[in-house]
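Engineer: what follows is a predicted structure for the sequence shown.
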Amino acid sequence: MTRSITLLGATGSIGASTLDLIRHNRSDWQVEALTANCSAKELAVLAREFGAKIAVVGDETCLAELRDALEGSGVEAAGGARALCEAAARPVDMTVAAIVGCAGLAPIMAAVANGNTIALANKEALVSAGDILKHAVEEAGANLLPTDSEHNAIFQCLAGNEVKEVRRIILTASGGPFRTLSAEQLQSVTREQALKHPNWEMGAKITIDSATMMNKGLEFIEAHHLFPVGLDNIEILVHPQSIVHSMVEYRDRSVLAQLGPSDMRVPIASCLAYPERMETPLAPLDLAAIGTLTFEKPNEELFPATRIAREAIQAGGAAPATLNAANEIAVEAFLAGQIAFTRITAVAETVLAGYSAPAPGTLEDVLAIDAEARKRAREAVETCALV
Ligand code: NDP
């Protein structure tokens, strides 16, 4: 039976992996909407290939280019923040949420309000608006399928079990490209080095987050929202090979792990086919060739991001949304050559230390906190007055 799908963030890394799976199972899917921010030409090529009904650019100034690129294709073109939400709100069997950053939150909320099933890759939305998003999901009878590889692993390890039986969630982390460096060496790492993840091919923002370990900090908050086992029962474990994608320990000390290649097509396929399974074009996992799987404790002295994230979710209120926004600005600043690598987490910590606000109750509250934290983070980057 053909199922309909909307892909938010079609021109990104998760977008490409998702479309590759659809390409291999073409007759199973009818593509409703594909979106991007401003990669109009790339989006048009995809919309033509997959026969999308509508293609949307979030940045309205890129709409003319999209219209030109789609001429004669029969694909509707739209642009702007409202168009993005309207496209996300179209009823479909599956929405893949793969916009990067808090920019993905409003479209996700629109898809949720419509009761859609959402494969959620966009962790920043859950970090910034966890309680609001979960409440909206419940109200609308929507369904969130964790797509981040670690959370998808936990979701699979939990299948058939109740959260109350869980003693501990063990979130694995590759440790990033700088795991073995000294504090001194870390001071001078370059943008190019930080953009080379040892195991995963991903978009620029999450690759930098992986290098600072902020990705794991954000995932810690994400896990807390998706699997309510209590903050004290979520642990981070460095596993440089990225083969065990996470683990769940039960009351009886039985530990279940999910293993697989470091390829996002595996967790995405698990969401697309849920509760069934689908074929993927991947080679089988060859554990004999890999040989050794190792595990070590995270080094929070050198990589303070996981501590900062833990403190932010413990503090509650506006702190998680503030952390996320400040980190987004700091990563942008690092990629633009404005700050050193080690200053990324310093920006986040500085903004968190200087700003507090009540817990957001609505999407608008989250967006206001996000805007304020971005402003403060830009100031921190410019003045370099960091903790
Ligand atoms: P990419 O940077 O590769 O792609 C981001 C996508 O979002 C692009 O389609 C981009 O469009 C679009 N986009 C960016 N900014 C906006 C905006 N302001 N409004 C609308 N659309 C926008 O990111 P990834 O695919 O790597 O990551 C996407 C999400 O998935 C992130 O939240 C990430 O943390 C999460 N994730 C990613 C993994 C991975 O392996 N890549 C693994 C686990 C989670 P354009 O091309 O026009 O800029």
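Structural biologist: On my side now, so go ahead. Numbers count the residues shown, from 1 in each chain.
Engineer: near the ligand, which residues of the protein?
Structural biologist: Residues of the chain lying close to the ligand (CB under 6 Å from any ligand atom) are 9-15, 36-39, 58, 98-100, 103, 121-124, 148, 200, 202-206, 264. Every C-beta, even on glycine, is put in place using the N, C-alpha and C of the backbone.
Engineer: and N199, what pLDDT?
Structural biologist: As predicted, N199 sits at a pLDDT of 91.
Engineer: hang on, I meant L386
Structural biologist: If you check L386, the pLDDT there is 55.
Engineer: before we move on, back to that, so of the residues of the chain next to the ligand, which ones are in strands?
Structural biologist: Members of the residues of the chain next to the ligand lying in strands (criterion: DSSP state E): A36.
Engineer: now stretch 48-60, how far from the centre of its chain.
Structural biologist: Computed by CA atoms, centre = their mean, to the nearest Å, the separation of stretch 48-60 from the middle of its chain amounts to 22 Å.
Engineer: nope, stretch 136-147 is what I meant
Structural biologist: Remark: stretch 136-147 is offset 16 Å from the chain centroid, using CA atoms, centre = their mean.
Engineer: low-confidence regions, the stretch 251-387 of the chain specifically.
Structural biologist: Applying pLDDT under 70 to the stretch 251-387 of the chain picks out residues 385-387.
Engineer: can you show me the helices along it?
Structural biologist: Using DSSP state H, counting those that start in this stretch, the helices of the stretch 251-387 of the chain run over 265-273, 287-290, 305-315, 319-335, 343-354, 363-383.
Engineer: the ones you listed: which one's closest to P107?
Structural biologist: Nearest to P107 among the helices of the stretch 251-387 of the chain is helix 363-383; the distance by CB to CB comes to 11.0 Å.
Engineer: quick one, the closest one and helix 319-335 angle?
Structural biologist: Helix 363-383 and helix 319-335 are oriented at 40 degrees to each other (axes from the mean of the first three to the mean of the last three CA atoms, to 10 degrees).
Engineer: ok, and for helix 363-383, which residues are buried?
Structural biologist: By neighbour count on 16 or more other CB atoms under 10 Å, the buried set for helix 363-383 is 363, 365-367, 369-370, 372-374, 376-378, 380-381.
Engineer: check the offset of it from the chain's centre.
Structural biologist: Averaged C-alpha coordinates place helix 363-383 at 20 Å from its chain's average position (CA atoms, centre = their mean).
Engineer: now for that helix, which elements pack on it?
Structural biologist: Under the contact criterion of 3 or more CB pairs under 8 Å, 6 or more residues apart in numbering; DSSP states H and E, helix 363-383 touches helix 105-113, helix 123-140, helix 319-335, helix 343-354.
Engineer: okay, now the residue of the stretch 201-350 of the chain found nearest the ligand: neighbour count?
Structural biologist: Nearest residue of the stretch 201-350 of the chain to the ligand: G203, at 2.6 Å (CB to the nearest ligand atom). Counted with other CB atoms under 10 Å, residues neighbouring G203 total 18.
Engineer: give me the nearest residue to it, chain neighbours excluded.
Structural biologist: Spatial nearest neighbour of G203, excluding adjacent residues (CB to CB, 6 or more residues apart in numbering): S13 at 4.6 Å.
Engineer: could you give the average pLDDT over stretch 95-102?
Structural biologist: Taken as a whole, stretch 95-102 has a mean pLDDT of 98.
Engineer: list the contacts for the residue of the chain found nearest the ligand?
Structural biologist: Minimum separation of the chain from the ligand (CB to the nearest ligand atom) falls at G12, amounting to 1.9 Å. By CB atoms under 8 Å, 6 or more residues apart in numbering, G12 lies in contact with 36, 98-100, 203.
Engineer: pLDDT at it, what is it?
Structural biologist: G12 is given a pLDDT of 98.
Engineer: need the helices and strands packed on helix 363-383 in CSV with mean neighbour count, can you?
Structural biologist: Below are the helices and strands packed on helix 363-383 laid out as CSV (neighbours: other CB atoms under 10 Å):
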stretch, mean neighbour count
helix 105-113, 25
helix 123-140, 21
helix 319-335, 26
helix 343-354, 22
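Engineer: turn those into TSV, including distance to L218.
Structural biologist: Listed next are these as TSV, based on distance: least, CB to CB, whole Å:
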stretch	distance to L218
helix 105-113	14
helix 123-140	5
helix 319-335	7
helix 343-354	11
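Engineer: returning to that earlier point: in helices, which of the residues of the chain next to the ligand appear?
Structural biologist: 13-15, 123-124, 204-206 (DSSP state H).
Engineer: please pick the buried ones from those residues.
Structural biologist: Buried positions within these, assessed by neighbour count (16+ other CB under 10 Å), are 13-15, 123-124, 204-206.
Engineer: need the contact list for the closest residue to G354 other than its chain neighbours.
Structural biologist: Spatial nearest neighbour of G354, excluding adjacent residues (CB to CB, 6+ apart): R376 at 6.6 Å. Neighbouring residues of R376 by CB under 8 Å, 6+ apart: 326, 351, 354-355.
Engineer: show me which pair in the residues you listed is furthest apart.
Structural biologist: So, these by CB to CB: farthest apart are A326 and G354, at 10.1 Å.
Engineer: how close does the residue of the chain closest to the ligand sit to M264?
Structural biologist: To M264, G12 is 11 Å away according to CB to CB, to the nearest Å.
Engineer: tally of neighbours for H197?
Structural biologist: H197: 19 neighbours (other CB under 10 Å).
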